[in-house]
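# turn this into a structure:
(one chain, ligands or ions: 1)
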Amino acid sequence: MYYKSFDRKVNLNTEWNLSMFFKKFFNVTIVILFIAQSRCSREEEVSREKKSDVLRKNPEKTSVDRVKDDMKYLVSLNGRKSFTADSLKTAEFLKKFMQTMEMIPFKNDFMIKYSDSRGTEQNVFGCLNPVSEKFVLVGAHFDHLGKSGNHLFPGADDNASGVSAVMEIIRLLNSSKEKLNVCFIFFSGEEMGLKGSKAFVKENESLVKKTKLMINLDMVGREFFGIIMKKSSPMGIGIITDGISKNVEKTITTNCEKNMLSPILLGESLIRSFGADYYYDSIPFNKKGIPTIFFSTGLHKDYHAESDTIDKINFDKIVATAKAVTDIIRNLQNH
Ligand SMILES: [Zn+2]
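Down below sits the predicted model:
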């Protein structure tokens, strides 16, 4: 997540300040709390995964194991700062993953390059099936803040969590060999001001025209509002929507609850009306009139800090989110 007031800089001297937390990001919190008193009942999870060839190779691995493995690798890449060798290494890892999943690249290359004054970067894009009609696009940014002197920013929640969730969504959908019109994108440049998603929307008109819905996952591995509410909401998740119908809203809520998540849905326009100053990769799509759904467990005291580490991640929640998005995509395919 890109927080404009932080002005891209990582200020190591800034102490986390709870009043700032309220004032800047959660100026909508109070409203949300009134809206969001509903808690879903927990249901027995029914696994509907069919095992794919890829999954059969690792039959002992659960979704949690796979997400953990992916996240461990992502946080080992020195903060994945855009326009560095680490960013390219991350993109290569994601490209190889898409190849392993036998996905379909765009113009024979999973890497979609873009440039700015700093050099060349790439988003990583692929589809489950050949693109013939409109598709749902699922995305997460893979970049983070890199290193600053002796300080390393691992970006476990921001956004290794979203990337590993999207990788698991790909595995789950791929495993059942469904003929779904769904494509996936891993953005770079998010932490530098949504560079990757802005470039994608600007430079790939043919793909953007075919995008009927964009689902973005950014920071999905932590407790939602726990720090403020001082009470546990381990499976809470925030969902910011733009341009979707009541029916789709219901589909989102139903599938989140089915996967034991406690969703809180908010409209993008409501968030903006409270003067929110944070940005994410679904926004360039909104500006093109494409409906969007953005999943996030929100800011926390380790946001853009060295302490955004993997040991604080709730892997069950990432898996639940991946499964909920998978179910939402299946349900919406018939709309
Ligand atoms: Zn961020």
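# what's the neighbour count on the residue of the stretch 1-150 of the chain found nearest the ion?
Taking C-beta to the ion, the ion has its nearest neighbour within the stretch 1-150 of the chain at residue 1, 4.6 Å off. The C-beta positions use only the backbone N, C-alpha and C, and glycine is treated the same way. Residue 1 is flanked by 22 other residues according to other C-beta atoms under 10 Å.
# and it, what does it touch?
158, 159, 190, 218, 219, 278, 279, 280, 296, 299, 303 (C-beta atoms under 8 Å, 6 or more residues apart in numbering).
# grab the nearest non-local neighbour of the third one.
This means residue 190. Using C-beta to C-beta, 6 or more residues apart in numbering and skipping the chain neighbours, the partner closest in space to residue 190 is residue 141 (3.5 Å).
# so how far is residue 90 from the one you found?
Distance, residue 141 to residue 90, using C-beta to C-beta, to the nearest Å: 11 Å.
# more neighbours: those two, which one.
Taking neighbours as other C-beta under 10 Å, residue 141 and residue 90 compare with residue 141 leading, 32 against 26.
# need the contact list for the more buried one.
159, 162-163, 186-191, 196-197, 218, 281.
# in strands, which of those residues fall?
186, 187 (DSSP state E).
# closest to the ion among the contacts of residue 141?
Out of the contacts of residue 141, the member with the shortest distance to the ion (by C-beta to the ion) is residue 191, at 5.1 Å.
# show me where the stretch 151-300 of the chain has helices.
Assigned by DSSP state H, counting those that start in this stretch, the stretch 151-300 of the chain shows helices spanning 162-175, 195-203, 205-210, 226-229, 246-258, 268-273, 283-286.
# average pLDDT for the third one?
If I follow you right, that is helix 205-210. Throughout helix 205-210, pLDDT has a mean value of 95.
# how about it, which residues are buried there?
For helix 205-210, burial by neighbour count (16 or more other C-beta atoms under 10 Å) applies to 207, 208, 210.
# list the contacts of the second one.
The contact partners of residue 208, by C-beta under 8 Å, 6+ apart, come to 200, 201, 285, 288, 290.
# torsion angles phi and psi at the last one?
This points to residue 290. phi -90, psi 130 (degrees, to the nearest 10).
# then the fourth one?
Listed backbone geometry of residue 288 is phi -90, psi 10, with angles given as degrees, to the nearest 10.
# hang on, it packs against residue 201?
Yes: contact criterion C-beta atoms under 8 Å: residue 288 and residue 201 qualify, at 5.9 Å.
# neighbour count for those two, which is higher?
Taking neighbours as other C-beta under 10 Å, residue 288 and residue 201 compare with residue 201 leading, 22 against 14.
# didn't that one look like it was pressed against residue 284?
Yes: if you go by C-beta under 8 Å, residue 201 and residue 284 touch, sitting 4.3 Å apart.
# can you pull the pLDDT of the closest residue to residue 248 other than its chain neighbours?
Spatial nearest neighbour of residue 248, excluding adjacent residues (C-beta to C-beta, 6+ apart): residue 332 at 6.7 Å. As predicted, residue 332 sits at a pLDDT of 92.
# distance of residue 332 relative to residue 203?
Going from residue 332 to residue 203 by C-beta to C-beta gives 27 Å.
# and the two? Which one has more around it.
A direct count of neighbours by other C-beta under 10 Å for residue 332 and residue 203 places residue 332 higher, at 21 against 14.
# which residues touch the more buried one?
Residue 332 makes contact with 136, 213, 248, 251, according to C-beta under 8 Å, 6+ apart.
# the last one and the ion, how far apart?
Shown here: residue 251 relative to the ion, a distance of 28 Å by C-beta to the ion, to the nearest Å.
# apart from its chain neighbours, what residue comes closest to that residue?
Nearest residue to residue 251 in three dimensions, chain neighbours excluded: residue 331, at 4.9 Å (C-beta to C-beta, 6+ apart).
# got the residues of the stretch 51-200 of the chain near the ion?
Neighbours of the ion within the stretch 51-200 of the chain, by C-beta under 5 Å from the ion: residue 158.
# quick one: pLDDT of the residue nearest to residue 190?
98.
# equivalent analysis for residue 300, please.
pLDDT, residue 300: 89.
# so it makes contact with residue 224?
No: with contacts counted by C-beta under 8 Å, residue 300 stays clear of residue 224, the gap being 9.2 Å.
# right, and residue 203 touches residue 113 too?
No: the pair residue 203 / residue 113 is not scored as a contact, 9.2 Å apart, by C-beta under 8 Å.
# now do stretch 181-188, average pLDDT.
97.
# run the chain-centre distance for that stretch.
Averaged C-alpha coordinates place stretch 181-188 at 10 Å from its chain's average position (C-alpha atoms, centre = their mean, to the nearest Å).
# identify each buried residue in that stretch, please.
Neighbour-count burial for stretch 181-188 [16+ other C-beta under 10 Å]: 181, 182, 183, 184, 185, 186, 187, 188.
# what do you get for stretch 148-159?
Quick answer for stretch 148-159 (16+ other C-beta under 10 Å): 153, 154, 155, 156, 157, 158, 159.
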